[in-house]
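Engineer: A predicted structure for the sequence below; I have some questions about it.
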Amino acid sequence: MRTLLTLALPLLVGCILGQWLPTLLPEQLHLHVIWIPGPLLLGFLLVTPRNQWRTCVLAACIGTVLSLPLVPMASLPRLLASLGEFAMVGVVAWLLLRWRGERAALEDYRDLSFFLLLACVLLPLCSAWWYSLAQGGRSGASGPAALRELALTSAVSYLVLVPALVNVVRIIDAPERRHGWRWDSMALAMVLFGLLVVLWTVDWQDGVMTPLLTLAPIPLLVWALIVFGIAGASVTMLAIAVLGMQLGVEGLGPFGFWSVDRNLLTGQAWTLCTGFALLFLGALSEQKLSSRIKLQRAYARLGEVTGRMLVVQEEERTRIARDLHDDVNQSLAAISIRLSTLRNHIPLEERPSVVELQDQLLSVSNDIRAISHELHPSILRFTGLASALDAFCIKRNARGRLRLRCSIEDAPRLNDEQELSLFRIVQEAVNNVDKHARARVADVLVCVRGPDLLLRVDDDGIGIPPGHLRRAPGLGLISMEERARLLGGVLHVDTSPLGGARIEVRFPLRDNAQQGR
């Protein structure tokens, strides 16, 4: 069903519409200002996996066959001409994909050159020759003027239709390319296009404004390229080309000062020149955008790897803490019990040595217990972040010269991973202050500020040396930044009002609080 709706149906309807549009023009014109079937098929082949080409070609052929009873002026020679063009389109698509390799369609300058040569020069010439041959030498269908008209119409159609279709499909498949596609930007584009329509439909009888009218779409095309990318510029170019040539046929606009066929020829020449320039300018913009997207994806993958490493690190810390607490401490307790038993069987003068050894074992056991709790604070899981931070500050105040002051202001209960990330950030920040800042006091603040939860660590140390933040950050800072990113927030390093450094993490509270509940 998806293949039917996204491939077969658009091609079928497009081919019927392409056979019907030429019937709307005067009899002296053999084609409409835009020729749909061949370019539509080529665009679908360039963006469709090769195993679905058969469906695309079959849908295009069925649409062309159905046009015989549905479209006036449709004939068997026109049917044969269209089917022959489809075969040529398949060959051109195969050649373009063979040369393109793994790159995106119509993005590289070499691919664009091949596309212009094959699809906009050789294919229109061959299609025009095949059409005249299929008509069997009928008058008006095989003369030089008719061949020129057919070739130019086909060339313009491939130039404006295929890039528009390829680039629109590209932004549909890649959401990161839709950065400029907002409702306000699209509304402004419609307003600017409406102004161009008004400007081109005014009857400028003296002809003085004609050069300015041909330049009027250029700012719109450049603006569309900047805001919407190559996809927006291609769609805008398609709309402007159809508008200019159609107005020229009706005797209006910048190409409406001569006969119908000459007006169409002038509009086609302007479209070809402008379209060539826009394609190569768009290729430069598209290459920069593709490089930026690749870089963003690389950073995203690096962030995922770093996040997984943090998870593995926490799991390893938990395992080591459990082994220290359950195995090593239990072994030390067993040794202490055996020493107590041994103390009762030795002479009195040797018992003080055993007692001293037991005291040393108890001290080692306490140190191991403290290391175990620092590696994996079990209090965090059972009582929450506020109690864990209070206990952390009390332990640090008891064992070092740095005095911690903790302030937790009605912080909501988050889920385990988020509370652990906040606790690790505080732990790393305090360790950095203790090692490098030469501070006497550090303040730890956890509070709610509007929709965000704020974590702040200030110290009265020596502060941050000038230019230090511009250097490559250390592992501690990288770990804190990554944990802040996993929380959905950002980490800022600045000067503290206490005179030292300030570490601040702020992240949205609403979604995280809901997850915690």
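Structural biologist: Ah, there it is. Residues are numbered from 1 along each chain as shown.
Engineer: now do the same end-to-end measure for stretch 125-145.
Structural biologist: End-to-end distance for stretch 125-145: 13 Å, by C-alpha to C-alpha, to the nearest Å.
Engineer: Would you mark the buried spots in stretch 189-196?
Structural biologist: Across stretch 189-196, burial judged by 16 or more other C-beta atoms under 10 Å covers 189, 192, 193, 196. In short, each C-beta sits where N, CA and C put it, glycine included.
Engineer: wait, stretch 78-93
Structural biologist: Within stretch 78-93, the residues that qualify as buried are 78-86, 88-90, 92-93, counting by 16+ other C-beta under 10 Å.
Engineer: Restricted to helices, list the residues you listed.
Structural biologist: If you go by DSSP state H, these have 78-86, 88-90, 92-93 in helices.
Engineer: Of these, just say which sits nearest to residue 392.
Structural biologist: Distance to residue 392 across these (C-beta to C-beta) is lowest for residue 93, with 65.1 Å.
Engineer: Check which helix or strand the residue nearest to the closest one when sequence neighbours are not counted maps to.
Structural biologist: Nearest non-adjacent residue to residue 93, counting by C-beta to C-beta, 6 or more residues apart in numbering: residue 45, 3.9 Å away. Element membership for residue 45 (DSSP states H and E) is helix 37-47.
Engineer: How about residue 305?
Structural biologist: helix 260-323.
Engineer: Export the buried residues of stretch 78-93 to JSON lines and append columns for distance to residue 302 and pLDDT.
Structural biologist: Rendered in JSON lines, the data for these read as follows (distance: C-beta to C-beta, whole Å; pLDDT from 0 to 100):
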{"residue": "78", "distance to residue 302": "57", "pLDDT": "78"}
{"residue": "79", "distance to residue 302": "56", "pLDDT": "83"}
{"residue": "80", "distance to residue 302": "57", "pLDDT": "85"}
{"residue": "81", "distance to residue 302": "54", "pLDDT": "85"}
{"residue": "82", "distance to residue 302": "51", "pLDDT": "86"}
{"residue": "83", "distance to residue 302": "51", "pLDDT": "88"}
{"residue": "84", "distance to residue 302": "52", "pLDDT": "90"}
{"residue": "85", "distance to residue 302": "48", "pLDDT": "91"}
{"residue": "86", "distance to residue 302": "46", "pLDDT": "92"}
{"residue": "88", "distance to residue 302": "46", "pLDDT": "94"}
{"residue": "89", "distance to residue 302": "42", "pLDDT": "93"}
{"residue": "90", "distance to residue 302": "42", "pLDDT": "92"}
{"residue": "92", "distance to residue 302": "40", "pLDDT": "93"}
{"residue": "93", "distance to residue 302": "37", "pLDDT": "91"}
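Engineer: which of these sit farthest apart?
Structural biologist: Pairwise distances across the buried residues of stretch 78-93 (C-beta to C-beta) peak at 22.3 Å, for the pair 78 and 93.
Engineer: quick one: the following helix or strand past the helix holding residue 45 to helix 37-47, angle?
Structural biologist: The helix or strand immediately downstream of helix 37-47 is helix 53-70, counting by DSSP H and E. Put simply, helix 53-70 runs at 160 degrees to helix 37-47, going by axes from the mean of the first three to the mean of the last three C-alpha atoms, to 10 degrees.
Engineer: for helix 53-70, packing partners?
Structural biologist: Helices and strands touching helix 53-70, as assessed by 3 or more C-beta pairs under 8 Å, 6 or more residues apart in numbering; DSSP states H and E, comprise helix 9-20, helix 37-47, helix 76-100.
Engineer: Take the ones you listed and lay them out in TSV including distance to residue 330.
Structural biologist: TSV is the format used below for these (distance: least, C-beta to C-beta, whole Å):
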stretch	distance to residue 330
helix 9-20	72
helix 37-47	65
helix 76-100	66
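Engineer: Determine which of the ones you listed approaches residue 506 most closely.
Structural biologist: Evaluated with C-beta to C-beta, the helices and strands packed on helix 53-70 place helix 37-47 nearest to residue 506, the distance being 42.4 Å.
Engineer: Pull the residues that contact the closest one.
Structural biologist: 7, 10-11, 14-15, 18-19, 53, 56-57, 60, 63-64, 82, 85-86, 88-90, 92-93, 96-97, 105-106, 119, 123, 127, 154, 157-158, 161-162, 164-166, 169-170 (C-beta atoms under 8 Å, 6 or more residues apart in numbering).
Engineer: I'd like the average pLDDT over it.
Structural biologist: Helix 37-47 shows a mean pLDDT of 92.
Engineer: next one: stretch 241-251
Structural biologist: The model assigns stretch 241-251 a mean pLDDT of 87.
Engineer: Which positions within that stretch qualify as buried?
Structural biologist: Using 16+ other C-beta under 10 Å as the test for burial, stretch 241-251 gives 241, 242, 243, 244, 245, 246, 247, 248, 249.
Engineer: so where does residue 145 fall, helix or strand?
Structural biologist: Going by DSSP H and E, residue 145 is part of helix 144-173.
Engineer: Next secondary structure after that helix?
Structural biologist: Past helix 144-173, the next helix or strand by DSSP H and E is helix 183-201.
Engineer: coming back round to it: let me know the angle separating the helix holding residue 305 from helix 144-173.
Structural biologist: Here helix 260-323 runs at 20 degrees with respect to helix 144-173, directions being taken by the same axes, to 10 degrees.
Engineer: How about the contacts made by the closest residue to residue 127 other than its chain neighbours?
Structural biologist: Excluding the flanking residues, the one nearest residue 127 by C-beta to C-beta, 6+ apart is residue 85, at 4.8 Å. Residue 85 makes contacts with 37, 38, 127, 130, 131, as judged by C-beta under 8 Å, 6+ apart.
Engineer: Point out where the protein drops to low pLDDT.
Structural biologist: Within the chain, the ranges that satisfy pLDDT under 70 run 24-32, 72-74, 101-104, 136-143, 204-208, 378, 465-474, 510-517.
Engineer: Next, name the residue at the spatial heart of it.
Structural biologist: What sits nearest the mean C-alpha location of the chain, by C-alpha atoms, centre = their mean, is residue 176, with 2.2 Å.
Engineer: Surely that residue touches residue 295?
Structural biologist: No. Residue 176 is beyond contact range of residue 295, at 11.1 Å (criterion: C-beta atoms under 8 Å).
Engineer: Look up how far residue 503 lies from the residue lying closest to residue 433 once chain neighbours are set aside.
Structural biologist: Nearest non-adjacent residue to residue 433, counting by C-beta to C-beta, 6+ apart: residue 459, 4.6 Å away. The spacing between residue 459 and residue 503, counted by C-beta to C-beta, to the nearest Å, is 9 Å.
Engineer: which one of these two has more residues nearby?
Structural biologist: Neighbour totals were compared for residue 459 and residue 503, and residue 459 leads with 29 against 26 (other C-beta atoms under 10 Å).
Engineer: What does that one show for phi and psi?
Structural biologist: Note on residue 459: its backbone torsions stand at phi -140, psi 160 [degrees, to the nearest 10].
Engineer: That one: what's it in contact with?
Structural biologist: Shown in contact with residue 459 (C-beta under 8 Å, 6+ apart): 433, 437, 439, 441, 442, 443, 496, 498, 500, 501.
Engineer: what's the burial count for the second one?
Structural biologist: Applying other C-beta under 10 Å, we find 21 other residues in the vicinity of residue 437.
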